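[1] I'll drop the sequence and a predicted model, then ask my questions.
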Amino acid sequence: MVLVVQSNGCPILRRAVPALAALRAAYAPRGVEFLMINGSPGDSLAAVEAEAKEFGDVLAILKDDTQAVLRGLGATRSAEAFVVDPRRWSVVYRGAIDDRLGYETSKPRAEKRFLADALDRLLAGRAVSVPETPVQGCLVDLSVRRTPEYVHDAAPVLARSCLPCHASGKVLPTLDSYEKLRGWGPMIRETIMTERMPGPRVDPRYGRFKGAWGAEDAKLLLDWLAAGAPRGEGEDPMPALAAATRRGVPELSFEAEAEERIPAEGESSVRLVTLSPPAPRDLWIEGIEMATNPDVTHHALAVSLPAGAARAAGPAMAAPGRQLIPAKPGPGYRALPGDGSAFVPKGARLALEVHYVPSGRLALDRPRLSVWTRKGPGRPKALERLTLEQKDFTLPPGAREFKVEVKKRLERDVDVVALWPHMHARGSWMRIEAVAPDGRREILLSAPRVAPRRQPLLELERPKRLEAGTTVVATGAFDNPSRDLIRSGPDPSEEMFQAHVYWTAVSR
């Protein structure tokens with residue numbers, strides 16, 4: 001793989017584009033991938049796209065907003081090329097593309113083909129004889145304006161992004177103090193660099209979501225860790241930030257009548273656990289708090305079941321009721337999005353659909369759900385859900401970019417307040433769009449990388465009004481690297497494609 005540092009407007013790089021295009025044409029058939037990478041803080045994504053189009057989209061350009069990749073490579077100038085041996089993930093050459101271009105002079109043709117020579121030797125299985133050469137190009141600003149500190153800078157980001165899953169757990173480490181966070185610093189850095197956690201990472205060009213993880217958050221934490229995780233002056237704010245996620249004594253609580261037994265080994269499972277007692281009156285639920293065994297819980301959904309529903313707990317292929325809100329179990333209070341409320345009639349049963357994961361030893365769980373209801377005059381705004389789901393598909397062995405698309409039409413004017421893309425382990429990306437009756441198309445959410453452990457509800461900062469007749473379109477893709485045929489289904493070993501759109505009705 002070849003990575004070339006790019007920055008908008010660099011004259012040497014712009015003049016080198018034809019040579020890079022020729023190299024790509026020569027070596028791509030031999031399995032060499034060519035990419036550019038831009039880490040210049042002054043170059044917006046839109047500006048980088050415009051420059052790429054100007055030069056015919058010769059190479060795909062990666063945007064290194066955190067500058068973590070460029071710093072890791074030790075890059076300093078645009079037009080610098082890096083050859084990465086994918087067998088060892090090591091840099092075997094870095095430097096100039098060739099000797100044709102300089103700051104004030106240029107040759108009609110190159111006399112030394114540094115990059116091509118390095119690729120020839122690598123492909124022949126030989127050591128690169130000249131692993132580094134001087135490079136001429138535009139300096140890239142990799143300076144840190146101000147060293148972040150834990151107390152005032154890192155702690156709020158860590159609390160927002162990490163505490164929902166790491167407040168008190170056993171499967172996941174507890175990260176509720178400076179000492180613990182600093183001790184886990186190397187692992188935090190790795191998970192940010194590999195984008196395993198936190199998340200989800202959404203394209204910032206489309207929609208603005210409360211608490212969404214962004215490149216500025218990643219850069220701040222990486223800069224803080226690179227500086228040695230300085231603490232700063234003042235008390236550790238993490239305990240207070242953790243306490244702020246709790247609401248206090250719940251209005252009502254519902255609990256499973258019997259314990260769930262989760263075996264030490266085997267496949268993960270999805271179970272519908274019915275709770276008691278039934279709803280004592282009509283409820284307009286505005287917020288919930290779920291409590292399950294953190295040792296073995298991946299995630300849970302709160303649902304309501306019709307009055308008289310069976311009370312037996314056990315595996316469920318799907319929850320036959322109204323879904324309230326998807327959320328990670330834990331001590332935190334979860335308000336329903338958009339100031340909406342979920343209606344549960346008197347006598348209905350509440351339940352938790354829990355995704356259990358074996359922990360290496362037998363575990364017991366007695367799930368509990370606490371709720372708070374809406375008070376005040378007038379009828380609360382009912383939170384409704386439009387689900388776009390592809391229920392019947394099969395991923396062939398070795399499938400790459402296997403696309404799925406689902407459409408549904410809105411029959412009334414609505415205010416969209418939250419979105420939830422849901423796929424299992426082989427999900428690659430998802431996009432949710434709105435196509436207006438006149439054909440205008442707008443992207444509501446673009447998740448370029450969907451990870452199974454990073455799919456929380458995404459609440460919009462401001463509701464999005466969609467008129468009746470609008471078609472909501474969910475498109476996504478899967479990668480199946482295994483040799484097995486993967487069928488669709490709710491079981492974690494299967495695959496799932498769901499896009500949930502939460503909305504409230506527009507008052508007339």
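    Structure's in. What do you need?
[2] ok, S276 to R368 distance?
    According to CB to CB, to the nearest Å, S276 stands 11 Å off from R368. In short, each C-beta sits where N, CA and C put it, glycine included.
[3] ok, now A60?
    49 Å.
[4] okay, those two: which has more neighbours?
    Between A60 and R368, R368 has the larger neighbour count (other CB atoms under 10 Å), namely 18 against 11.
[5] is it true that T297 touches D365?
    Yes. If you go by CB atoms under 8 Å, T297 and D365 touch, sitting 7.3 Å apart.
[6] Could you tell me which residues touch both of the two?
    Listed contacts common to T297 and D365 are V354, Y356; contacts here mean CB atoms under 8 Å, 6 or more residues apart in numbering.
[7] So in terms of bridging, what pairs with V83?
    V2, Y93 (DSSP bridges).
[8] Let me see the contact set for it.
    Listed by CB under 8 Å, 6+ apart, the contact set of V83 reads M1, V2, V91, V92, Y93, R94, L115, A118, L119, L122, V128.
[9] is it true that the last one touches A118?
    Read it as V128. Yes. Between V128 and A118 a contact is recorded at 4.7 Å, counting by CB under 8 Å.
[10] tell me, what's touching those two both at once?
    Common neighbours of V128 and A118 (criterion: CB under 8 Å, 6+ apart): V83, V92, Y93.
[11] Could you double-check that the last one lies in contact with D85?
    No. Assessed by CB under 8 Å, Y93 is found out of contact with D85, at 9.3 Å.
[12] Compare those two (neighbour count), which wins?
    Y93 (23 against 13).
[13] So G56 belongs to a helix, correct?
    No. Applying DSSP: H, G, I helix; E, B strand; the rest coil, one finds G56 to be coil, outside a helix.
[14] Show me what the helix of greatest length in the chain is packed up against.
    Longest among the helix segments of the chain by residue count, using DSSP state H, is helix 11-27. Judged by 3 or more CB pairs under 8 Å, 6 or more residues apart in numbering; DSSP states H and E, helix 11-27 is in contact with strand 2-6, strand 34-38, helix 114-123.
[15] more neighbours, V128 and A118?
    Using other CB under 10 Å as the criterion, V128 and A118 rank with A118 on top: 24 against 18.
[16] T133 is in contact with that one, correct?
    No. Distance between A118 and T133: 9.4 Å, which falls outside the contact criterion (CB under 8 Å).
[17] Phi and psi next, for A447.
    Dihedral angles of A447 (phi, psi; degrees, to the nearest 10) stand at phi -110, psi 100.
[18] Look up how far F393 lies from it.
    Noted for A447: a distance of 19 Å to F393, by CB to CB.
[19] Of these two, which one has the most company?
    Neighbours per residue, other CB under 10 Å: of A447 and F393, the larger number sits with A447, 26 against 14.
[20] so who does that one touch?
    P200, R201, V202, D203, P421, W429, M430, R431.
[21] Columns distance to D99, secondary structure and pLDDT on top of these, output as JSON lines?
    Output for the contacts of A447, formatted as JSON lines (distance: CB to CB, whole Å; DSSP: H, G, I helix; E, B strand; the rest coil; pLDDT from 0 to 100):
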{"residue": "P200", "distance to D99": "45", "secondary structure": "coil", "pLDDT": "64"}
{"residue": "R201", "distance to D99": "40", "secondary structure": "strand", "pLDDT": "74"}
{"residue": "V202", "distance to D99": "43", "secondary structure": "coil", "pLDDT": "84"}
{"residue": "D203", "distance to D99": "39", "secondary structure": "coil", "pLDDT": "85"}
{"residue": "P421", "distance to D99": "49", "secondary structure": "strand", "pLDDT": "91"}
{"residue": "W429", "distance to D99": "41", "secondary structure": "strand", "pLDDT": "93"}
{"residue": "M430", "distance to D99": "46", "secondary structure": "strand", "pLDDT": "95"}
{"residue": "R431", "distance to D99": "44", "secondary structure": "strand", "pLDDT": "96"}
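[22] Using neighbour counts, trim those to the buried set.
    Among the contacts of A447, the ones that count as buried by 16 or more other CB atoms under 10 Å are P200, R201, V202, P421, W429, M430, R431.
[23] Okay, now the unreliable bits of this protein?
    Along the chain, the parts satisfying pLDDT under 70 run over 167-172, 199-200, 308-323, 326-331, 451-455, 508.
[24] Domain map for it?
    Domains of the chain are assigned by automatic domain parsing as 2-123, 150-243, 252-373, 384-505.
[25] Report the distance from the last one to the chain centre.
    Relative to the centre of its chain, domain 384-505 is centred 14 Å away, using CA atoms, centre = their mean, to the nearest Å.
[26] Ok, the first one next?
    For domain 2-123, the gap between its own C-alpha mean and the chain's C-alpha mean amounts to 28 Å (CA atoms, centre = their mean).
[27] swap in the second one?
    Once both centres are worked out by CA atoms, centre = their mean, domain 150-243 turns out to sit 14 Å from its chain's centre.
[28] Please apply the same query to the third one.
    Relative to its chain's centre, domain 252-373 lies at 24 Å (CA atoms, centre = their mean).
[29] what's the straight distance from one end of that domain to the other?
    Taking CA to CA, to the nearest Å, domain 252-373 runs 9 Å from one end to the other.
[30] C-alpha coordinates for stretch 5-25, CSV please?
    Coordinates of each C-alpha in stretch 5-25 appear next as CSV, following Å, rounded to 0.1, in the frame of the first residue of the first chain:
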residue,chain,number,x,y,z
VAL,A,5,0.5,13.0,2.1
GLN,A,6,-1.8,15.6,0.6
SER,A,7,-2.6,19.2,1.4
ASN,A,8,-4.7,21.6,-0.7
GLY,A,9,-2.8,24.0,-2.9
CYS,A,10,0.6,22.4,-2.5
PRO,A,11,2.3,23.1,-5.9
ILE,A,12,4.7,20.2,-5.8
LEU,A,13,2.0,17.7,-5.0
ARG,A,14,-0.3,19.1,-7.7
ARG,A,15,2.4,18.8,-10.3
ALA,A,16,3.1,15.2,-9.1
VAL,A,17,-0.5,14.0,-9.7
PRO,A,18,0.2,12.8,-13.3
ALA,A,19,3.1,10.7,-12.1
LEU,A,20,1.0,9.2,-9.3
ALA,A,21,-1.7,8.4,-11.7
ALA,A,22,0.8,6.6,-13.9
LEU,A,23,2.2,4.7,-11.0
ARG,A,24,-1.3,3.6,-9.9
ALA,A,25,-2.1,2.4,-13.4
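[31] list the contacts for R94?
    R94 neighbours (CB under 8 Å, 6+ apart): L73, G74, E80, A81, F82, V83, P131, E132, T133, V135.
[32] hmm, 6 Å instead?
    F82, E132 (CB atoms under 6 Å, 6 or more residues apart in numbering).
[33] cool, and L460?
    Contacts for L460 (CB under 6 Å, 6+ apart) come out as V417.
[34] mind redoing it with 10 Å?
    207-210, 212, 337-338, 415-419, 444-445, 502 (CB atoms under 10 Å, 6 or more residues apart in numbering).
[35] My guess is R196 contacts W213. True?
    No. Assessed by CB atoms under 10 Å, R196 is found out of contact with W213, at 12.0 Å.
[36] Between the two, which is the more surrounded one?
    Taking other CB under 10 Å, R196 and W213 do not tie; W213 has more neighbours (21 against 12).
[37] With T105 as the reference, measure out to that one.
    Using CB to CB, W213 is found at 46 Å from T105.
[38] Widest-spaced pair of the contacts of L460?
    For these, the farthest-apart pair by CB to CB is A212 and D415; their separation is 19.1 Å.
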